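Student: Show me the folded form of this:
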Amino acid sequence: MSNCTIELFGLMANNEVIDSCELANKNGMLLKIMGYGATVTSLKIPLKNGKLIDVVLGFDTLNNYIKSFDLVSAPYFGCTVGRFAGRINDGIFTLNSDTFHLNKNNNNHSIHGGKEGFSQKLWKITSEQDGKNPSVTLCYHSLHNEENYPGELAVQVTYTISEDNELIIEYHATTTQDTVVNLTHHSYFNLNGHQSDVLDQELFINSEKILETTAELIPTGIFLDTVNSDMDFNKSKNCPEIIDNTFILDCNKEMAASLYSKENNLKMEVYTSQPAVHVYVGGNCFDTIKGKEGVNYHSTSGICFETQNFPDAPNHKHFPNSVLKKGEVYYQKTIYKFVAL
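Tutor: Numbering: from 1, shown residues only. Below is the predicted model:
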């Protein structure tokens, strides 16, 4: 029996086909990804009692994913974010003495790639790997000057589920000229199931510093200590109602973050090669679009662990390098590991 299945997810307005791919491992873990936005639409984890629980927010139809980008605050459920995740101040950056003016879609700033980032593009499923650790690879070709970013960017993202109940996400990209790149994954996780809230789930973040930001969430360039503050999650505590912060990761520390549900005795551990994780509690669809199974998502429906470079990195010389040069390869890897206790 195949553990990698391709099927129709929906049709675009121009009748372009959007396929989805479902991967299954020997434990019964099920992952479903579709081509629109290279988006995770479902992630079902087996519990000790034999039940399967869907731990990510999403929609039942392609049309609802498309419509969600018209909400007052688009949720970006489960998608691949690019060309640059997070905000870029005033939508402007300078590279090789040239100044680039990006499309603005967040106050006066650019966020998550602009007005129509990678999360709204049609990605092509280019390969599927059956067998022990099934995977699927999706590709997108971003043209020079798309959203006013320089260079043609060839991007691929590979989703793998391992026999250890890991969701492994790997990003590769190359460019025809120097550009900036920052890719991330934007699932909203809820270990109690997508019908619930996350407030009684325990959050751990392996970080002692966050980025200071302005009122519009633009980094000032200052790093703030989190020890003994409200943003100190070095000891697990319940998810806050409001959090929208970039936590700086120590490359010498293996695990970046974790989430634990007492209700389902399920833990998710986050590992990444990235220098930061942006943590965000949300999911509100403003009673406008129903979530999967007709659920009304609200402001504490899920929590994102957006492993990435620092927001606005092109405008801060002391931030990690976000420039991808012609001839180089961008590669990043993040693992979400699920442990049923």
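Student: Tell me which residues touch L52, please.
Tutor: The contact partners of L52, taken as CB atoms under 8 Å, 6 or more residues apart in numbering, are 28, 30, 44-46. Bear in mind the C-beta positions are built from the backbone N, C-alpha and C, glycine included.
Student: cutoff 6 Å now
Tutor: Going by CB atoms under 6 Å, 6 or more residues apart in numbering, L52 touches 44, 46.
Student: quick one: it from L31, how far?
Tutor: For L52, the distance to L31 (CB to CB, to the nearest Å) stands at 12 Å.
Student: just the helices in the chain please.
Tutor: Residue ranges of the helices in the chain, as given by DSSP state H, are 62-68.
Student: so where's it shaky on pLDDT?
Tutor: Within the chain, the stretches with pLDDT under 70 are 1-2.
Student: Find the nearest non-adjacent residue to L259, please.
Tutor: M268 (4.7 Å; CB to CB, 6 or more residues apart in numbering).
Student: Also E152?
Tutor: Excluding its sequence neighbours, the residue lying closest to E152 (CB to CB, 6+ apart) is T176, at 4.3 Å.
Student: Quick one: neighbours of the one you found, just the number.
Tutor: If you count neighbours by other CB atoms under 10 Å, T176 ends up with 14.
Student: and what of S162?
Tutor: Residues lying near S162 (other CB under 10 Å) number 17.
Student: phi, psi of the nearest residue in space to it that is not next to it in sequence?
Tutor: Distances taken as CB to CB, 6+ apart put N133 closest to S162, at 5.0 Å, once the chain neighbours are dropped. Per-residue torsions, N133: phi -120, psi 80 (degrees, to the nearest 10).
Student: Would you state the strands of the stretch 151-300 of the chain in chain order?
Tutor: Using DSSP state E, counting those that start in this stretch, the strands assigned to the stretch 151-300 of the chain run over residues 153-161, 166-175, 179-180, 184-185, 188-189, 202-205, 209-213, 219-225, 237-238, 244-248, 255-261, 266-272, 276-282.
Student: Out of the ones you listed, which is the most enclosed?
Tutor: strand 184-185 (a mean of 27; mean count of other CB atoms under 10 Å).
Student: Parallel or antiparallel, list what pairs with it.
Tutor: In the sheet, strand 184-185 lines up against strand 80-81 (antiparallel) (DSSP bridges).
Student: List the residues that contact the residue nearest to L259.
Tutor: Counting by CB under 6 Å, 6+ apart, M268 makes contact with 259, 336, 338.
Student: Check H298 too.
Tutor: Each residue near H298 by CB under 6 Å, 6+ apart is listed here: N284.
Student: in terms of contact, does Q177 touch G327 like I think?
Tutor: No. Using CB atoms under 6 Å, Q177 is not in contact with G327, being 10.1 Å away.
Student: what residues does stretch 35-51 touch?
Tutor: Identification of contacts with stretch 35-51 by CB under 6 Å, 6+ apart yields 18-19, 27-34, 52-56, 58, 78-80, 119, 122-123, 125, 138, 157, 187, 264, 338, 340.
Student: Restricted to buried residues, select these in PyMOL.
Tutor: Only the buried entries of these go into this PyMOL selection, using 16 or more other CB atoms under 10 Å:
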select buried, resi 18+19+29+30+31+32+33+34+53+54+55+56+58+78+79+80+119+123+125+138+157+187+264+338
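Student: Just the ones in strands from the contacts of stretch 35-51, please.
Tutor: Mapping the contacts of stretch 35-51 onto strands (DSSP state E) picks out 18-19, 30-34, 52-54, 80, 125, 138, 157, 338, 340.
Student: Closest one of the residues you listed to D244?
Tutor: T80 (20.0 Å; CB to CB).
Student: residues touching that closest one, list them.
Tutor: Contacts for T80 (CB under 6 Å, 6+ apart) come out as 38, 118, 157.
Student: With distance to T300 added, can I get those residues in JSON lines?
Tutor: Converted to JSON lines, those look like this (distance: CB to CB, whole Å):
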{"residue": "A38", "distance to T300": "26"}
{"residue": "F118", "distance to T300": "27"}
{"residue": "V157", "distance to T300": "28"}
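Student: list the contacts for the spatially closest residue to H144 that is not a sequence neighbour?
Tutor: The spatially closest residue to H144, leaving aside those adjacent along the chain, is E152, at 4.9 Å (CB to CB, 6+ apart). Each residue near E152 by CB under 6 Å, 6+ apart is listed here: 143-144, 176.
Student: tell me how far the ends of stretch 260-279 are from each other?
Tutor: One end of stretch 260-279 sits 15 Å from the other (CA to CA, to the nearest Å).
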